[in-house]
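**Student:** Sequence first, then the predicted structure:
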Amino acid sequence: MNVRADYREKPSRLIELLRKDDIPVHVQSIAHGDYIINDRVTVERKTARDFLVSILDGRLFKQIAHLKKHCLNPILIIEGNPFRTDSGFDPNAVRGALVSIQVMWYVPSLFSRSVEETKDILLMIGRQDDQDMDVIPLRGGYRPKRSKSQQLFILQGLPRVGPTAAKRLLLHFKSVSRVMDAGVEELMKVEGVGLETAQSIRTVLDAKCQ
């Protein structure tokens, strides 16, 4: 498990707590989210008060929109209870925001009672991601059994297509056959697939056996 943390998270103590558990944490500037786990899961962390303030100033849904657009697996963690603050915030507004995030934007929202519990959640995410077989990092002699794993395994056989690109292709086209039928311009609509990658894929798929 490895973690990248935004430098603005230093005052939270979460970076320190992760390092005490022997988790390597690289502190840097992160464009979207606060933590990136195993280069696959992006976590936006908010205290209960910051969550409410971000609703009021319109920052929340801009951040959620950017997470959905730029991150493969975004998650929101709310630290503390947004229904129990001294801000006098309308509970229905809180519920409405949570419903919108999870139902309309499809971003999972998790709650923790403290920074220590947030640390435990990040560890759980990292460990479960390490065991996730939906993305296959090495082909070797591995032969997946589950349907989705088989689909990703096939896509990773294409030129310039690694685990992340394979998952994005499958999410975009919904099936392997549609990826195989896609033209260069269609392939380039997938985030991370540029002209060279799209052309390389089509060259391999269209090549005739000699």
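**Tutor:** Arrived safely.

**Student:** residue contacts, the residue nearest to the spatial centre of the chain?
**Tutor:** Among the residues of the chain, residue 73 comes closest to the average C-alpha position under CA atoms, centre = their mean, at 1.9 Å. Contact analysis of residue 73 by CB atoms under 8 Å, 6 or more residues apart in numbering lists 40-42. C-beta coordinates here come from the backbone N, C-alpha and C atoms, glycine included.

**Student:** Could you identify which of these has the most neighbours?
**Tutor:** residue 42 (23 neighbours; other CB atoms under 10 Å).

**Student:** what's the lowest-pLDDT member of the contacts of residue 73?
**Tutor:** Among these, residue 40 carries the weakest pLDDT, at 84.

**Student:** looking at it, that residue is touching residue 72, isn't it?
**Tutor:** Yes: the criterion here is CB atoms under 8 Å, and residue 40 meets it with residue 72 at 6.0 Å.

**Student:** sorry, back to before: who's the residue nearest to the centre of the chain bridged to?
**Tutor:** residue 41 (DSSP bridges).

**Student:** so where do the helices sit in the protein?
**Tutor:** With DSSP state H, the ranges of helices along the chain come out as 14-20, 48-56, 59-70, 91-99, 115-131, 147-155, 163-173, 176-181, 184-187, 195-206.

**Student:** Now do the buried residues in the lowest-mean-pLDDT helix or strand in the chain.
**Tutor:** Lowest by mean pLDDT, DSSP states H and E among the helices and strands of the chain is helix 147-155, with a mean of 84. Of the residues in helix 147-155, 149, 151-155 count as buried by neighbour count, 16 or more other CB atoms under 10 Å.

**Student:** Ok, stretch 37-52 next?
**Tutor:** In stretch 37-52, counting by 16+ other CB under 10 Å, buried: 37-38, 40-48, 50-52.

**Student:** Pull the contacting residues for the nearest residue to residue 187 once chain neighbours are set aside.
**Tutor:** Spatial nearest neighbour of residue 187, excluding adjacent residues (CB to CB, 6 or more residues apart in numbering): residue 198 at 3.9 Å. Residue 198 is in contact with 184-185, 187-188, counting by CB under 8 Å, 6+ apart.

**Student:** again, only using 10 Å
**Tutor:** Residue 198 sits next to 160, 182-190 when contact means CB atoms under 10 Å, 6 or more residues apart in numbering.

**Student:** Can you tell me which of these are buried?
**Tutor:** Buried by 16+ other CB under 10 Å: 182, 187-188, 190, out of the contacts of residue 198.

**Student:** Out of those, which is nearest to residue 10?
**Tutor:** Distance to residue 10, by CB to CB, is smallest for residue 190 among these, at 34.9 Å.

**Student:** Give me the pLDDT value at the closest one.
**Tutor:** Value listed for residue 190 in the pLDDT field: 92.

**Student:** Can you get me a residue count around the spatially closest residue to it that is not a sequence neighbour?
**Tutor:** Spatial nearest neighbour of residue 190, excluding adjacent residues (CB to CB, 6+ apart): residue 172 at 4.7 Å. Using other CB under 10 Å, residue 172 has 16 other residues around it.

**Student:** that older thread, any idea how far residue 47 is from the residue nearest to the centre of the chain?
**Tutor:** Note on residue 73: its distance to residue 47, by CB to CB, to the nearest Å, is 22 Å.
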